[in-house]
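> how would this look folded up:
(one chain, ligands or ions: 2)
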Amino acid sequence: MAASGSRAGRTIKIAPSILAADFARLGEQVQAIAAAGADWVHVDAMDGQFVPNLTFGPLIAAAVKRSTPLPIDLHAMIVEPERQIRAFADAGASLLTIHAEASAHLHRLVHDIKAAGMRAGVAINPATPLDAVKWIAADLDLLLVMSINPGWGGQKFLPLALPKLREARRLLDAAGCSAELEVDGGVDHETAGACVAAGATVLVAGTAVFAAPEGIPAAVQRLRDAIAAAAPQPL
Ligand code: DX5
Ligand code: ZN
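Numbering: from 1, shown residues only. Ligands and ions are numbered 1, 2, ... in the order given. Below you'll find the model as predicted:
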């Protein structure tokens with residue numbers, strides 16, 4: 001029986017997204033999530049083309065890296081992601097996730113990301129079927145199921161993500177793949193439990209952590225409690 005807060009013995013990870021952080025105090029905010037027990041720092045790179053919004057790239061990722069020992073989980077919402085692989089590796093990203101919709105050559109790019117020394121993830125938008133990654137599932141270190149249309153934080157969780165997470169879980173298990181299954185968008189203490197029950201192993205949360213009125217430590221604890229309540233309980 002899996003322990004509380006884990007799936008098949010694996011601890012469920014919390015990856016706060018700095019998109020909702022106060023950028024005037026970024027180093028301090030990143031240190032606060034580490035002190036609160038977050039597992040990864042989720043960094044949302046947006047280029048104004050793949051998504052309408054424009055955020056940041058390798059320079060900010062490198063600044064985050066200098067502020068914390070936590071792994072950098074880089075979510076690249078950019079066109080032509082191949083042009084930035086080396087820069088994100090040099091910035092210190094542990095994991096680079098690119099979008100299935102952004103490349104016709106996902107298999108090659110996944111291996112290029114690994115060759116650059118990072119773990120490789122692929123993200124799929126709400127309208128994208130899991131078939132887009134079926135044939136490379138075994139090559140992945142992470143599969144990201146978007147539970148919003150990417151571009152902004154603070155959006156409402158799309159319920160379609162739950163059956164999609166269950167299908168993704170079956171796909172990864174059938175491929176014998178131990179990749180992380182990440183969910184991103186509208187994740188808070190009310191939606192986290194259903195995501196874990198559906199098979200997610202990494203929860204991204206921006207607004208629910210950085211904009212929580214109760215403060216960052218209480219917000220992370222509230223997510224942990226939701227995770228523990230959703231996971232199978234020991235007998
Ligand atoms: C949106 C980003 C998300 C975003 C999530 O495109 O990929 O990581 O920060 O924000 P919340 O948790 O506020 O929905
Ligand atoms: Zn993201």
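> so residue 95 makes contact with residue 75?
No: counting by CB atoms under 8 Å, residue 95 stays clear of residue 75, with 9.0 Å between them. Any C-beta I mention is one placed from the backbone N, CA and C, and that applies to glycine too.
> which of these two has more residues huddled nearby?
Under the neighbour definition other CB atoms under 10 Å, residue 95 and residue 75 were set side by side, and residue 75 has more, 28 against 25.
> state the phi and psi torsions of the more buried one.
Dihedral pair for residue 75: phi -100, psi 110, per degrees, to the nearest 10.
> go on, residue 95?
Torsion angles, degrees, to the nearest 10, at residue 95: phi -140, psi 130.
> quick one: it and residue 65, what's the gap?
12 Å (CB to CB, to the nearest Å).
> where do the contact lists of those two overlap?
residue 72 (CB atoms under 8 Å, 6 or more residues apart in numbering).
> low-confidence ranges, this protein, go.
1-10, 231-235 (pLDDT under 70).
> next, the contact list for the closest residue to residue 17 other than its chain neighbours, please.
The shortest distance from residue 17 to any non-neighbouring residue, by CB to CB, 6 or more residues apart in numbering, is to residue 206 (3.5 Å). If a contact means CB under 8 Å, 6+ apart, then residue 206 has 16-20, 42, 44, 153-154 as its contacts.
> intersect those residues with the contacts of ligand 2.
residue 44 (CB under 5 Å from the ion).
> quick one: which of the contacts of residue 206 is most hemmed in?
The residue in the contacts of residue 206 with the most neighbours, by other CB under 10 Å, is residue 16 (32 neighbours).
> let me know how buried the residue nearest to it when sequence neighbours are not counted is, in neighbour terms.
The spatially closest residue to residue 16, leaving aside those adjacent along the chain, is residue 209, at 4.2 Å (CB to CB, 6+ apart). For residue 209, the number of neighbouring residues by other CB under 10 Å comes to 30.
> past the helix or strand where residue 209 lies, which element shows up next along the chain?
Per DSSP states H and E: residue 209 is located in helix 207-210. Sequence-wise, the next helix or strand downstream of helix 207-210 (DSSP H and E) is helix 216-230.
> so that next one, near ligand 1 or not?
No: if you take CB under 6 Å from any ligand atom as the test, helix 216-230 misses ligand 1, and the best it gets is 10.8 Å.
> now that helix, how far from the centre of its chain.
17 Å (CA atoms, centre = their mean, to the nearest Å).
> for ligand 2, see how far away residue 50 is.
Distance of residue 50 to ligand 2, given as CB to the ion, to the nearest Å: 12 Å.
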